[in-house]
Each structure stands twice: as structure tokens, then as C-alpha cells.
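# After the sequence you'll find the predicted model.
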Amino acid sequence: MRIFRIPFSTNVERVALALAHKGSHVEWVDVDPEDRSAVREVSGQDLVPVLQTDKGEVVADSMRIVAWLEARRPDPPLWPAHAGRRAEVDVFIEWFNLVWKGPPNRIAAELERDAPDTRAIEGWSAQLRGWLEQFDNLLGDRDWLLTESFGAADVCAFPFLKYGVLHDPADDELFHRGLADHLPIAGNFANIEAWVHRVDGLPRA
Ligand SMILES: N[C@@H](CCC(=O)N[C@@H](CS)C(=O)NCC(=O)O)C(=O)O
């Protein structure tokens, strides 16, 4: 199995964390961020990660790839065994992808305009700050976001929330700088900060 990736990709890191958790091996295919032709040829769209198996099966979208891995290699698990708890994790993943990601994407798009609307950016930033309270509460009496051990919710959220604590100086992507600027975690949200360091200590494939 091979996975197409670009450097510093949040969505690729989700898959790298999941693969390492399961002890699965993968052939990484490094793609030039400016030339997506190989990704397009394989998957019909430009975004990474994209998984391709030796049998020609193709899966695009990071959390769909993580779910694909879970179905084929259930141990060690990333989702709870209980159907109700599993549904909670799936609802969290949908909320994170469809709701949480909205403000940072809008901030990055606004910053690319000639005259960014600073009031709009402040509104999206306030939304992100408000949600940090909830993440901190989720981690108030447990080490992982929704589960008793490292799980799919952690895989989903970590590569984005980490920018409130860790920022590789070589990573100058606008979206990531926006996350670093608008996620005031370090020094303010002790539970999230400890969780970021906990997840960061885990291996990546
Ligand atoms: N929903 C997709 C989103 C993938 C995505 O946005 N990938 C980014 C890298 S993190 C990308 O390829 N961006 C390329 C671009 O915007 O040109 C997933 O979860 O994999």
C-alpha cells in the first residue's frame, strides 16, 4: 500500500499517527505541492492524503483512510468496541471536519486577500478560542479526547490543535501560521497543552 503526501500536511499526519498505532507499514509517495498530477491521476482530485493498494483500490480523505485501516486491522483499535461510543467518536469527527475546520480555513482565505477583513478574522478567532474551553474540559479527567486510550478523535484533532503549542519554524504555510496565531493554548489551557505533548510523543509511520 502507498500513500501520497506533501510536507507538513495536517491531514497526512492523521494517517501517519494511525498507521504507527497499528504497526502498519506504508510506502510514502512524496508529491510536489505545486504539481498534483500524480494525485489527480490516481484519485481524480488534488488533495492528499490518498491511499492506493497493490490491488488498485484508492481511498482519498484522511479520516476515511483511518477508518479503512481500522476495518482491515482492528487491533489495536482506534474506535471503541461499543456501538454507542463509536457513534460518539464519529459525530466528533464530523463536527471537527465540517464545523471546527471552518474558521481557520476562512481566516487563511481572508489573509490571502489584498485587504483582509480584520473584524471578520476576529470573529472566527473568537469562535476558535471558545471551543478551546470545551477541548480543555473534554481532557479534564482523562488523557485522550473521547476514549480511555489513544483513539480516532485524537488522530483527527491533534495535527490541527498542536499549532497552539508546537510550530516547526520550517513550516511557513499560511494556514498553519493562522492556527498558531489563533489557538492560544500554551500557558492558557493546561489540559490541552499536556495532551498535545502526550500525542506528540507517539510515533508516526
Ligand atoms: N478532507 C481531506 C482534506 C485534504 C486536504 O485538504 N489536504 C491538504 C493538505 S493537509 C491539501 O492537499 N491541500 C492542497 C491544496 O490546498 O492545494 C482530508 O481529510 O484528507
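Perfect, thanks for sending it. Numbers count the residues shown, from 1 in each chain.
# so what's the nearest residue to residue 111 once chain neighbours are set aside up against?
With CB to CB, 6 or more residues apart in numbering as the criterion, residue 111 has its nearest non-adjacent residue at 6.0 Å, and that residue is residue 174. In this view, the C-beta of every residue, glycine as well, is placed from N, C-alpha and C. Residues counted as contacts of residue 174 (CB atoms under 8 Å, 6 or more residues apart in numbering) are 108, 111, 112.
# if you look at these, which of them are in helices?
If you go by DSSP state H, the contacts of residue 174 have 108, 111 in helices.
# Looking at the contacts of residue 174, spot the one nearest the ligand.
residue 108 (9.7 Å; CB to the nearest ligand atom).
# how far away is residue 3 from residue 76?
Note on residue 3: its distance to residue 76, by CB to CB, to the nearest Å, is 20 Å.
# same deal with residue 141?
23 Å.
# Let me see the contact set for residue 139.
Residue 139 touches 145, 191, 192, 194, 195, counting by CB under 8 Å, 6+ apart.
# what's the closest non-adjacent residue to residue 142?
Closest to residue 142 by CB to CB, 6+ apart is residue 148, at 6.7 Å.
# Secondary structure element holding the one you found?
According to DSSP states H and E, residue 148 maps onto no helix or strand at all.
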